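[1] Quick one: sequence plus predicted model below, questions after.
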Amino acid sequence: MPTITKVRCLLLSSPYADADDPEIKECFPNGPKRTIGMVEVTLDNGVTGLGEGYLAVFAPLVFKAIVDLCRPYVEGREAFEIDRRVRDLRSLCDYWSLQGAARHVISAFEIALQDAKAKSLGVPLWELLGGAEADSIKIYGSGGCCDARDQFEREFDLLQSLGIELYKIRSVKGDIHRTAWVLEEAAKRGIEVGVDMCQNLADPPQSVDDVVAFVEAVHRETGQRMAFLEEAIGPDCPEGFRELRSRIEVPVCGGEIITTPKEMIGRLEAEVYDFVQPDASVIGGIGAVMDIFAAAAPAGVGVVVHAWGGAAAIMASYHAAFAGGGNLVEYPMLAFPLGAEMMGERARIEGGRLLRPTAPGLGIELTPEMEARYPFEETAVYSCMLHDWGPPPDETWKR
């Protein structure tokens, strides 16, 4: 069995999105550039594997410090005993980070080992996970971080060029006319719209009454209906999600920031969501997402993987979706050249559907030239200390 001979931490920074996007103005104080953090494992058979932890988008040096802490407990160990390696890392980290930062780092190690094992065996990762019946999965475009009509028009054009018929936008409770405008304009193009209310950073969160009032106000403005409502209540209020489901007809979803399968499984069994959104780079790796799929089916809850990191994070969640029998995945629309280069043509979208990957492992590539083109910049971080630049008044969106 191959042995892990080397662990390397990689921090890389790439241009990201558009400087005029509201999320960039609010959350990237140093401009439109984002950092990703990866773990690269090298086996004694010469194969390397890449994994990613979402933590590095927010705190890259914390990510590196935890990788450095974990490295001695991984190097020299057997590579294909992935569950054992994860247990070792949890023994090291769970006391002080059962939920949170260390789980992101453990995710990166687990994904890297899955990638290396699948590449060693010469198979795509979904095959290592038990196979996949579907040749493709429906995809939804995830964007809508817009405060101008021309920005939305550009995203509509991208969706139509890919044949995507489901679109997610970001709205807060005051965005009534804006949201109704998007629903109407998207419908003209045969596109349905889901809404992310971005309460995964809210403390205190908005109330269930606030959300119900928002949904009802938008639906009074238009005959179109939201396809789903994401992260409408704060992350520590599962009872609020459950109440919301009983008061609106729009499907309710969430869970992207949950860092343990146990918590997410508890929520889906408690009927908190219509569908859950695990992220392999957050919740403990690909195996953890597979645990969610296994628990969701008997509970009658859907699983739609969250995909908003770099190439390794996105592809890890995609492979889990194929192996788990998912029927919908997220496609991040904001430009991220490093991620696009690493995935290349191996994450193809045709007719609004993600084609099943065929390359060994995750199907991503990182070359020395790419590393040189995207050096780490300490200022390229996402700040959760939101600065509200103020979108155009909602009245300007009246039709």
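    All right, it came through fine. Residues are numbered from 1 along each chain as shown.
[2] and P205, that one's in a helix?
    No. According to DSSP: H, G, I helix; E, B strand; the rest coil, P205 belongs to no helix; its state is coil.
[3] Skipping adjacent residues, who's closest to it in space?
    Closest residue in space to P205, ignoring its immediate chain neighbours: G234 at 2.6 Å, by Cβ to Cβ, 6 or more residues apart in numbering. For the C-beta atoms, the positions are set from N, CA and C on the backbone; glycine is no exception.
[4] Kindly confirm whether my reading is correct that the one you found touches D210.
    No. In this structure G234 lies outside contact range of D210 using Cβ atoms under 8 Å: 11.3 Å.
[5] returning to what we had before: give me the neighbour count for the residue nearest to P205.
    19 (other Cβ atoms under 10 Å).
[6] Next one: it, what pLDDT does it get?
    Per-residue confidence for G234 comes out at a pLDDT of 88.
[7] Likewise for D388?
    Checking the pLDDT column for D388, the value is 60.
[8] Next: the one 3 residues further on.
    At P391, the pLDDT value in this model is 61.
[9] what do you get for H177?
    H177 is given a pLDDT of 97.
[10] same thing with N200?
    The predicted structure lists N200 with a pLDDT of 83.
[11] Look up phi and psi at it.
    When read as degrees, to the nearest 10, the backbone of N200 gives phi -70, psi -10.
[12] go on, Y140?
    Given degrees, to the nearest 10, the pair of backbone angles that Y140 has is phi -120, psi 140.
[13] State the distance from it to L158.
    Noted for Y140: a distance of 13 Å to L158, by Cβ to Cβ, to the nearest Å.
[14] Also L125?
    On the measure of Cβ to Cβ, L125 and L158 end up 27 Å apart.
[15] same deal with L55?
    Counting by Cβ to Cβ, the separation of L55 from L158 is 29 Å.
[16] The two - which one has more neighbours?
    Between L55 and L158, counting by other Cβ under 10 Å, L55 is the more crowded of the two (26 against 16).
[17] residues near the nearest residue to the more buried one once chain neighbours are set aside, how many?
    Beyond its immediate neighbours in the sequence, the residue positioned closest to L55 (Cβ to Cβ, 6+ apart) is H104, lying 3.6 Å away. Residues contacting H104 under the criterion other Cβ under 10 Å number 29.
[18] quick one: H104 and G53 touch, right?
    Yes. Between H104 and G53 there is a contact at 3.6 Å, judged by Cβ under 8 Å.
[19] shared neighbours, these two?
    Overlap of the contact sets of H104 and G53 (by Cβ atoms under 8 Å, 6 or more residues apart in numbering) consists of F63, S281, V282.
[20] Please tell me I have it right and the last one contacts T259.
    Which is V282. Yes. Using Cβ under 8 Å as the test, V282 is close enough to T259 to be in contact (5.8 Å).
[21] Now do the shared contacts for the two.
    Common neighbours of V282 and T259 (criterion: Cβ under 8 Å, 6+ apart): R103, H104.
[22] Mind checking which of these two has more residues around it?
    Here V282 and T259 are set side by side on neighbour count (other Cβ under 10 Å), and the busier one is V282, at 28 against 25.
[23] What backbone torsions are found at the closest residue to the more buried one other than its chain neighbours?
    Spatial nearest neighbour of V282, chain neighbours left out: Y54 (5.0 Å); criterion: Cβ to Cβ, 6+ apart. As for Y54, its main-chain torsions (degrees, to the nearest 10) stand at phi -70, psi -20.
[24] So what's the residue count around Y54?
    Under the criterion other Cβ under 10 Å, the count of neighbours that Y54 has is 27.
[25] Start at 618, not 1
    Got it, first residue is 618 now, which makes that one Y671.
[26] wait, doesn't it sit right on I900?
    No. At 9.7 Å, Y671 and I900 do not qualify as touching, with contact defined as Cβ under 8 Å.
[27] Contacts only, for the nearest residue to A897 once chain neighbours are set aside.
    Nearest residue to A897, sequence neighbours excluded (Cβ to Cβ, 6+ apart): A933, at 3.9 Å. Each residue near A933 by Cβ under 8 Å, 6+ apart is listed here: G668, E669, I728, Q731, L742, A897, S898, G902, I903, V906, L979.
[28] Same question for T796.
    Shown in contact with T796 (Cβ under 8 Å, 6+ apart): I786, S788, V812, V835, M843.
[29] repeat that for 10 Å
    The neighbourhood of T796, defined by Cβ atoms under 10 Å, 6 or more residues apart in numbering, consists of 761, 786-790, 810, 812, 831-832, 834-836, 838-839, 841, 843, 1011, 1014.
[30] From those residues, which land in strands?
    Secondary structure of the contacts of T796 is defined by DSSP state E; positions in strands are I786, R787, V810, V812.
[31] which of those residues count as buried?
    Among those, the ones that count as buried by 16 or more other Cβ atoms under 10 Å are I786, R787, V810, V812.
[32] Just to check, the last one is in contact with M843?
    The one in question is V812. Yes. Distance between V812 and M843: 5.2 Å, which falls inside the contact criterion (Cβ atoms under 10 Å).
[33] Overlap in contacts, the two.
    Residues touching both V812 and M843 (Cβ under 10 Å, 6+ apart): I786, S788, T796, L800, F831, V832, V835, V867.
[34] how far away is the nearest residue to Q777 once chain neighbours are set aside from M932?
    Of all residues not flanking Q777 in the chain, R806 sits nearest, at 6.0 Å (Cβ to Cβ, 6+ apart). Taking Cβ to Cβ as the measure, R806 falls 28 Å from M932.
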